[in-house]
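Peer 1: show me the folded form of this:
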Amino acid sequence: MRFLLRMLSFVFLVVGVLIASVDTIQSVSASEVVLTPLGVAVASIGQSALDTVQSLEKAQAEPAMWTRSIRWLLVQPAFAVLFAFALLLWMLAYRRPAPAGRFSA
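Peer 2: Next up is the predicted model:
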């Protein structure tokens, strides 16, 4: 399980670095700060992802707390959200070293 969490963390980190690099290039070429929201980044994956993002952004009669949280998350910069997910997954997979060293029982 730890291996899976570490690999997922690595994937989130790599994708976050790629999105941050694209944002940096766009910011330099536009001479202003350009940050890609997570909703735009997810919607650019494909039509099914776009439909999912649009359904999450629609106003519902009784929005649940998690729906508000997801809406808030979709407008945040994509690289920051991916870095936070990568850190969270890495922390879940972290294994503390033995206090007495590597040869302790």
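Peer 1: I'd say residue 36 and residue 21 touch.
Peer 2: No: the criterion here is CB atoms under 8 Å, and residue 36 misses it with residue 21 at 11.1 Å. The C-beta positions use only the backbone N, C-alpha and C, and glycine is treated the same way.
Peer 1: who's more crowded, the two?
Peer 2: Higher neighbour count among residue 36 and residue 21: residue 36, with 16 against 11, using other CB atoms under 10 Å.
Peer 1: can you tell me how far that one sits from residue 100?
Peer 2: 47 Å (CB to CB, to the nearest Å).
Peer 1: so, low pLDDT: which residues of this protein?
Peer 2: By pLDDT under 70, the low-scoring segments of the chain are 57, 59-63, 65-66, 101-102, 104-105.
Peer 1: try 50
Peer 2: Low-confidence segments of the chain (pLDDT under 50): 61.
Peer 1: does residue 20 touch residue 81 like I think?
Peer 2: No: using CB under 8 Å, residue 20 is not in contact with residue 81, being 11.3 Å away.
Peer 1: and stretch 31-47, how far out from the chain middle?
Peer 2: 12 Å (CA atoms, centre = their mean, to the nearest Å).
Peer 1: any buried residues in it, and which?
Peer 2: Within stretch 31-47, the residues scored as buried using 16 or more other CB atoms under 10 Å are 36-39, 41-43.
Peer 1: helix or strand: which one has residue 50?
Peer 2: In this assignment (DSSP states H and E), residue 50 forms part of helix 47-57.
Peer 1: dump the C-alpha coordinates for that helix into CSV.
Peer 2: Provided in CSV are the C-alpha atoms of helix 47-57 (Å, rounded to 0.1, in the frame of the first residue of the first chain):
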residue,chain,number,x,y,z
GLN,A,47,-15.0,15.2,-22.6
SER,A,48,-15.9,13.0,-19.6
ALA,A,49,-13.7,15.1,-17.3
LEU,A,50,-15.3,18.2,-18.7
ASP,A,51,-18.8,16.9,-18.0
THR,A,52,-17.8,16.0,-14.5
VAL,A,53,-16.4,19.5,-13.8
GLN,A,54,-19.5,21.1,-15.3
SER,A,55,-21.8,19.0,-13.2
LEU,A,56,-19.8,19.9,-10.0
GLU,A,57,-20.0,23.6,-10.9
